[in-house]
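1. Got a predicted structure plus its sequence, pasted below:
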Amino acid sequence: MIDKTIVALDLPDLNTTKVFIERVNSNISFVKVGMELFYSEGHKIIEYLKEKNYKIFLDLKLHDIPTTVAKSLKVIDQLEVEMVNVHVLGGEEMLKKAKESLKNTALLGVTILTSHDQKSLNNLSLNRDLNSLVNDYHRLAYDSGLSGIVCSAQDLEYLNKKKDFLYVTPGIRLENQHDDQKRVVKPKQAFAMGATHIVMGREITKSNDPLRFLDKLREHYD
Ligand code: C5P
């Protein structure tokens, strides 16, 4: 399970990333690069992580007209990262074109950002029950040929889960510190609920002793 544990590198730049990576080395194998790090370092950060043999989830959450997304993903596909994502809200045509652009990379859909609640959806005139909206977007992602979705572990409880579909789940905590995550699930529990991969960030990257933390995580999985 440690190889399905994706470490979110929510770090500002290449130098900070190098300091962290040199500490953890091969104790992790899968990392997530988000907008902050990618916008600050571009392809350089991907080249560095690939040289170190990490699998990479490039978390850029694209959402634009179908042609723009498709052309952008053709560029991303050259980087040969493991996973990239788009907002399902971009619609069926965008999702299908996005999928067609990728030969080397699995495409994940973001359903509804967990920062939304019912009130903020109503405010956008999306006056539907949040969970049923997530379920519909999950189905649209599946029907459009995507490889999986990013969702919270809570979503795994009610989603009509598909076979051979990826469920990549943030909002995970091994210990009690929640940071700004409101509802958290333990790593092993998330896998038991149907996650195929989990994302863990600050609990590892901000740990005083990441190696000790990773030992505890491995023990938790055993
Ligand atoms: O530090 P933490 O473990 O909370 O990091 C979780 C990672 O997952 C962050 O990169 C965050 O942006 C991302 N994420 C999330 N909730 C979502 C989608 C992505 O926390 N619904």
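-> The structure has been received and is ready for your questions.

2. Just the CA trace of the lengthiest helix in the chain, in PDB.
-> Criterion DSSP state H: the longest helix present in the chain is helix 130-143. Extracted as PDB, the C-alpha positions of helix 130-143 are listed here (Å, rounded to 0.1, in the frame of the first residue of the first chain):
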ATOM      1  CA  LEU A 130     -24.200  17.400  -3.400                       C
ATOM      2  CA  ASN A 131     -23.700  13.700  -3.100                       C
ATOM      3  CA  SER A 132     -26.000  12.900  -6.100                       C
ATOM      4  CA  LEU A 133     -24.100  15.500  -8.100                       C
ATOM      5  CA  VAL A 134     -20.800  13.800  -7.300                       C
ATOM      6  CA  ASN A 135     -22.300  10.500  -8.200                       C
ATOM      7  CA  ASP A 136     -23.500  11.800 -11.600                       C
ATOM      8  CA  TYR A 137     -20.100  13.400 -12.300                       C
ATOM      9  CA  HIS A 138     -18.400  10.100 -11.300                       C
ATOM     10  CA  ARG A 139     -20.600   8.300 -13.900                       C
ATOM     11  CA  LEU A 140     -19.900  11.000 -16.600                       C
ATOM     12  CA  ALA A 141     -16.100  10.600 -16.000                       C
ATOM     13  CA  TYR A 142     -16.500   6.800 -16.300                       C
ATOM     14  CA  ASP A 143     -18.700   7.000 -19.400                       C
END
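
3. starting at the chain centroid, how far to the helix or strand hosting residue 61?
-> Using DSSP states H and E, residue 61 falls within strand 55-62. Between the centre of strand 55-62 and the centre of its chain there are 7 Å (CA atoms, centre = their mean, to the nearest Å).

4. Show me the strands paired with that strand, marking each as parallel or antiparallel.
-> Sheet pairing of strand 55-62 (DSSP bridges) gives strand 30-34 (parallel), strand 83-87 (parallel).

5. Please list the residues of the chain that sit near the ligand.
-> 8, 10, 34, 113-114, 150, 152, 170-171, 179, 181, 199-203 (CB under 6 Å from any ligand atom). Every C-beta, even on glycine, is put in place using the N, C-alpha and C of the backbone.

6. returning to that earlier point: tell me the helices and strands packed up against the longest helix of the chain.
-> helix 92-101, strand 106-110, helix 118-123, strand 148-150, helix 153-158 (3 or more CB pairs under 8 Å, 6 or more residues apart in numbering; DSSP states H and E).
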